[in-house]
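Chemist: can't give you the sequence, but here's the structure:
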C-alpha cells in the first residue's frame, strides 16, 4: 500500500489466527494513538486512560470513528499492527478520545461540551483541541485481543431490533413472575423494571393512542401491576400509588390496581382515599366483600388509634405548658 493511501498498515507482531469479522461482531482491542507531524506524539493509550480496559467495538452500529471498524477487519487475533490514517478519516477522533478518557469518572469531573463551549473553550483537553483546530494524520497501534460473533455473546438492548425488544417483554415478565414466586423480590423487581423500560422506549416512538402504542401499553399494564406489588412489599407506598394511577388511567376498573393503591394509601396514611378505592372495589367484585370489610375495619381501628394518639399528644402538650 502506498504512502498516499488513506490507510497504511504495517504489521508489528503477527497474530495467531484470522477470523472473519462481520456486522454484529464484538471486537476487543488495546490501542495507542500517535499524533503525526514534525514530531510523533503519544495522545492516548487504552491501558492508561478511562477505565484502563480494552476498547470494545460492536461492528455495524455507526460508531463515530468508522475507520476503526475498517482497520480491525484487516487483523488476526493476537496481531499488533500500526495504521497510519489520513486526517480526513479521523476528524471525529478528539470527541471519541474525550469520551474514552472520561469513562469511569464521576459526573462532577466530566466537562460537558456544547457547540458554544466548543468554539470558546474547546473540549477540555489541550492536545485534543489542537487536533480539532489543526487536523493531522494519526497513527493507531492496535492489538486485537478477541472477537465474538453476534451469536456468541448476549447482546445489549441497543443492539436489538424493534421486534426483538417486543418479543423480550413477555420473557422478562415471566422471569419476574418466577423470581417473585421464589420470594426473590428485588430480582423480580429488576426484571419487571427492565421490561417496563423497553415498553417506555417503544411507546415514545409511537403516537399516543395509535394501534402500536395501544398494543405495547397492553403489554405494559400487567407488568406495571407486578412491579407495584414489589414496591408495596418494600413499603414504597407513593411509588405504588403513582404506578396504580397510571394503570387506572387506562383501565379505571382494574381490581388489582384499586386494591394495591388502597393498601398503599393505608400505608401512607391516606385513609379517606383508601376507603374510596375499597368501596369501589366492593361494587366491582361481589366475591371479595369479606376481604374488603376486613380492610375497612382495619382502617377504622387505625383511625381510632390515631385519634387516641393525637389526644394523648395534645394532653401532654397542655400539661407541659401548664407546668412551665
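Modeler: Now that the structure is in, tell me what you want to look at. Computed from a predicted structure; not experimentally measured.
Chemist: Below-threshold pLDDT in this structure: ranges please.
Modeler: By pLDDT under 70, the low-scoring segments of the chain are 1-3, 106-121, 153-159, 310, 312, 317-324.
Chemist: Quick one: the strands in the stretch 101-250 of the chain, in order.
Modeler: 138-148 (DSSP state E, counting those that start in this stretch).
Chemist: can you give me the helices for it?
Modeler: 115-120, 126-133, 162-181, 185-204, 211-233, 237-250 (DSSP state H, counting those that start in this stretch).
Chemist: Nearest to residue 95, out of those helices?
Modeler: helix 126-133 (8.2 Å; C-beta to C-beta). Every residue, glycine included, has its C-beta placed from N, CA and C.
Chemist: Quick one: neighbours of residue 15, just the number.
Modeler: With neighbours defined by other C-beta atoms under 10 Å, the count for residue 15 comes to 16.
Chemist: ditto for residue 171
Modeler: Counted with other C-beta under 10 Å, residue 171 comes out at 11.
Chemist: nearest to residue 67, of the helices of the stretch 101-250 of the chain?
Modeler: helix 126-133 (14.5 Å).
Chemist: tilt between the closest one and strand 138-148?
Modeler: 110 degrees (axes from the mean of the first three to the mean of the last three C-alpha atoms, to 10 degrees).
Chemist: which outside residues touch helix 126-133?
Modeler: 35, 41, 43, 93-94, 97-98, 122-123, 138 (C-beta atoms under 8 Å, 6 or more residues apart in numbering).
Chemist: what would those look like in JSON lines with distance to residue 277 and neighbour count?
Modeler: Formatted as JSON lines, the contacts of helix 126-133 follow (distance: C-beta to C-beta, whole Å; neighbours: other C-beta atoms under 10 Å):
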{"residue": "35", "distance to residue 277": "67", "neighbour count": "20"}
{"residue": "41", "distance to residue 277": "69", "neighbour count": "13"}
{"residue": "43", "distance to residue 277": "62", "neighbour count": "19"}
{"residue": "93", "distance to residue 277": "58", "neighbour count": "25"}
{"residue": "94", "distance to residue 277": "57", "neighbour count": "21"}
{"residue": "97", "distance to residue 277": "56", "neighbour count": "21"}
{"residue": "98", "distance to residue 277": "52", "neighbour count": "17"}
{"residue": "122", "distance to residue 277": "57", "neighbour count": "18"}
{"residue": "123", "distance to residue 277": "54", "neighbour count": "18"}
{"residue": "138", "distance to residue 277": "64", "neighbour count": "21"}
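Chemist: Inside strands: which ones of these?
Modeler: Mapping the contacts of helix 126-133 onto strands (DSSP state E) picks out 35, 41, 43, 138.
Chemist: Those residues: which two are farthest apart?
Modeler: Farthest pair in the ones in strands among the contacts of helix 126-133, by C-beta to C-beta: 41 and 138, 10.3 Å.
Chemist: so what sits against both of those two?
Modeler: 34-35.
Chemist: hang on, residue 41 packs against residue 35?
Modeler: Yes. Counting by C-beta atoms under 8 Å, residue 35 is a contact partner of residue 41 at 4.4 Å.
Chemist: Residue 282 versus residue 266, what's the distance?
Modeler: 15 Å (C-beta to C-beta, to the nearest Å).
Chemist: if you count what's nearby, which of the two comes out ahead?
Modeler: Per other C-beta under 10 Å, whichever of residue 266 and residue 282 has more neighbours is residue 266, with 20 against 17.
Chemist: excluding its backbone neighbours, what's nearest the more buried one?
Modeler: Leaving aside its sequence neighbours, residue 266 sits nearest to residue 274 (C-beta to C-beta, 6 or more residues apart in numbering; 4.7 Å).
Chemist: you'd agree that neighbour is up against residue 260?
Modeler: No. Contact between residue 274 and residue 260 fails when scored by C-beta under 8 Å: they sit 11.1 Å apart.
Chemist: any idea which of the contacts of helix 126-133 is closest to residue 253?
Modeler: residue 98 (53.2 Å).
Chemist: Cool, thanks, talk later.
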